[in-house]
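Undergrad: coords please:
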Amino acid sequence: MGLAALIVIDVQKDFCEGGSLAVEGGNALAPLISDCRSSHSFDLVVFSKDWHPADHISFFTNNEGAKPFEMKQVRTSWLAVALKYLCCRMLFHLFGLHHSLRLISSLSISPFRCT
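TA: Next up is the predicted model:
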């Protein structure tokens, strides 16, 4: 049998009720994730956290004349490859060492033992 992993992506304060990019029902995820974690045996559990520097291109406040949630075509390069993509101009969120970076407090992230 293969290995089992639980990957929890960006369950952070800014994406839950009261956050700058709140999703209705976000806080309700914590007990569901905790139940899933306690009722299954996972070989690996990973929690990711979204983060941006304060001068990130996606913040509308860093783009003169931009409006919140406006879609804008962006040209950049990465590893000498020219890229063109749509970027949504977001509200300021998840920057620096701000408290909004934290995973929601009701989420159980206690250490686990890999077998």
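
Undergrad: Could I get the full set of strands for this structure?
TA: Using DSSP state E, the strands of the chain run over residues 5-9, 44-48, 71-78, 81-88.

Undergrad: Return the member of those strands having the minimum mean pLDDT.
TA: Mean pLDDT values for the strands of the chain show the minimum at strand 81-88, a mean of 68.

Undergrad: Show me where this protein dips below the pLDDT cut-off.
TA: Within the chain, the stretches with pLDDT under 70 are 1, 77-86, 91-115.

Undergrad: number of nearby residues for the nearest residue to D10 once chain neighbours are set aside?
TA: Closest residue to D10 in three dimensions, ignoring its sequence neighbours and counting by CB to CB, 6 or more residues apart in numbering: D50, at 4.5 Å. The C-beta positions use only the backbone N, C-alpha and C, and glycine is treated the same way. When counting by other CB atoms under 10 Å, one arrives at 15 neighbours for D50.

Undergrad: I'd assumed G19 was in contact with D50.
TA: No. At 11.3 Å, D50 does not count as touching G19 under the criterion of CB atoms under 8 Å.

Undergrad: quick one: D14 and S20 touch, right?
TA: Yes. Here D14 reaches S20: they are 5.1 Å apart, a contact under CB under 8 Å.

Undergrad: out of those two, which sits in the more crowded spot?
TA: The neighbour comparison of D14 against S20 (other CB under 10 Å) goes to D14, with 24 against 14.

Undergrad: how far away is the more buried one from H52?
TA: 10 Å (CB to CB, to the nearest Å).

Undergrad: And for E17?
TA: In terms of CB to CB, E17 sits 21 Å off from H52.
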